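In: just need the structure, nothing else, for what follows:
(one chain, ligands or ions: 1)
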Amino acid sequence: MFPLMGNLVLDRVSKSYGPRQALDELGFEVKEGEIFGFVGSNGAGKTTAMRIVLGVLAADSGEIRWDGAPLGDAVRRTIGYMPEERGLYPKMKVRDQLVYLARLRGLSAPAARAATDAWLARLGVAERAEDEVQKLSLGNQQRVQLAAALVHDPRLLVLDEPFSGLDPVAVDVMSDVLREKAAEGVPVVFSSHQLDLVERLCHRVGIVRAGRMVALGTVAELRADGTARLVVEIEGAAPGWAAAVPGFTREEDGSYTPGPGADEQALLRAALDAGRVTEFSWRRPGLTELFRETVAGDAPKGAAA
Ligand SMILES: Nc1ncnc2c1ncn2[C@@H]1O[C@H](COP(=O)(O)OP(=O)(O)OP(=O)(O)O)[C@@H](O)[C@H]1O
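Out: As a prediction, the model looks like this:
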């Protein structure tokens with residue numbers, strides 16, 4: 001039903017900037033039609049990895065593959081890229097710039113104009129088409145930047161923090177577009193610090209720490225690996241009602257983490273003795289908690305980020 005797109009593989013990619021190792025055998029795969037969320041602390045290596053995929057930077061070792069073969073220039077030219085530092089020409093008009101970029105990627109003049117106008121309309125910036133990019137607000141510049149990544153109908157989307165600085169409406173538009181492209185079969189990889197969005201949008205997530213992939217999987221898989229906590233709500237309970245039940249640690253949010261030998265039935269009995277129990281349930285950690293657990297105390301090798 002969809003044109004064959006392919007999948008992207010980063011295979012043990014390493015990269016150092018002088019003494020600073022930014023990537024240490026980093027590996028992950030983004031399948032056809034998959035939205036992959038790339039998360040990690042500041043300086044963990046996300047931008048470096050994306051630049052290597054784009055060919056802007058060379059890896060010291062390792063390989064980038066597309067559909068099983070080394071990623072070459074022909075496929076690279078079809079990538080839709082949104083760089084972290086953005087990179088539109090500030091003094092050029094929005095429409096002229098997008099048409100120019102689409103022409104560079106091989107579209108005919110009429111096709112470039114049609115694609116430009118369609119994406120400007122879809123992203124809600126059609127009325128700014130004749131303005132210089134520098135006259136747009138940052139959020140609108142970002143919409144144009146997304147249009148620039150999409151205007152040539154990319155086979156792969158690589159987006160560095162596409163959601164940063166967007167208002168909630170623009171976040172929804174961006175999310176819809178990424179879902180739509182993935183549904184067409186395009187592999188989508190994006191980095192973000194907005195973990196609620198990553199959790200909502202991504203089929204799979206990779207958490208990178210100091211240049212290494214430390215957790216990889218669907219959000220459900222990652223959550224299943226985290227320690228579940230017991231949420232207990234009791235009306236009228238005195239503080240410390242659970243102190244006599246061995247094996248549980250009370251967390252800041254009031255939930256209870258079981259340790260070795262913890263007996264949930266003992267905790268439930270203590271809860272029932274303490275008052276009227278309105279909630280007693282297991283809760284898996286969300287992506288934000290998993291991220292904190294996974295990257296706590298993070299620092300890139302060689303020096304501070
Ligand atoms: N041009 C460069 N020269 C020297 N060191 C660099 C260069 N670019 C990045 N680094 C270092 O490489 C490491 C990885 O940086 P990178 O920008 O890839 O991280 P990131 O995960 O994208 O971070 P952020 O979330 O802050 O954007 C950091 O320690 C950074 O300081």
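In: tell me the buried residues in stretch 267-280?
Out: 267, 270-271, 274 (16 or more other C-beta atoms under 10 Å). C-beta here means a position set from N, CA and C on the backbone, and glycine is covered the same way.
In: any low-confidence regions in the stretch 1-150 of the chain?
Out: Within the stretch 1-150 of the chain, the stretches with pLDDT under 70 are 1-5.
In: tell me the residues of it that contact the ligand?
Out: Contact residues, the stretch 1-150 of the chain versus the ligand (C-beta under 6 Å from any ligand atom): 17, 20, 22, 40, 42-48, 84.
In: what residue lies at the spatial centre of this protein?
Out: Nearest to the mean C-alpha position of the chain, by C-alpha atoms, centre = their mean, lies Gly37 at 2.9 Å.
In: surely that one is within a strand?
Out: Yes - secondary structure assignment places Gly37 in a strand (DSSP: H, G, I helix; E, B strand; the rest coil).
In: run through the residues that contact it.
Out: With contact set as C-beta atoms under 8 Å, 6 or more residues apart in numbering, Gly37 has these partners: 190-192, 198, 201-202, 204-206.
In: what bridges to it?
Out: Here Gly37 sits in beta bridges with Phe190, Val205, as judged by DSSP bridges.
In: likewise Glu279?
Out: Glu233.
In: let me see the contact set for it.
Out: The neighbours of Glu279, taking C-beta under 8 Å, 6+ apart as the test, are 231-233.
In: before we move on, what SS does the residue of the stretch 51-200 of the chain found nearest the ligand have?
Out: The stretch 51-200 of the chain approaches the ligand most closely through Glu84 (5.9 Å), counting by C-beta to the nearest ligand atom. Per three-state DSSP, the local secondary structure of Glu84 is coil.
In: just Gln21 next, same as before
Out: strand.
In: tell me the bridge partners for it.
Out: In this structure, Gln21 bridges to Ser16 when assessed by DSSP bridges.
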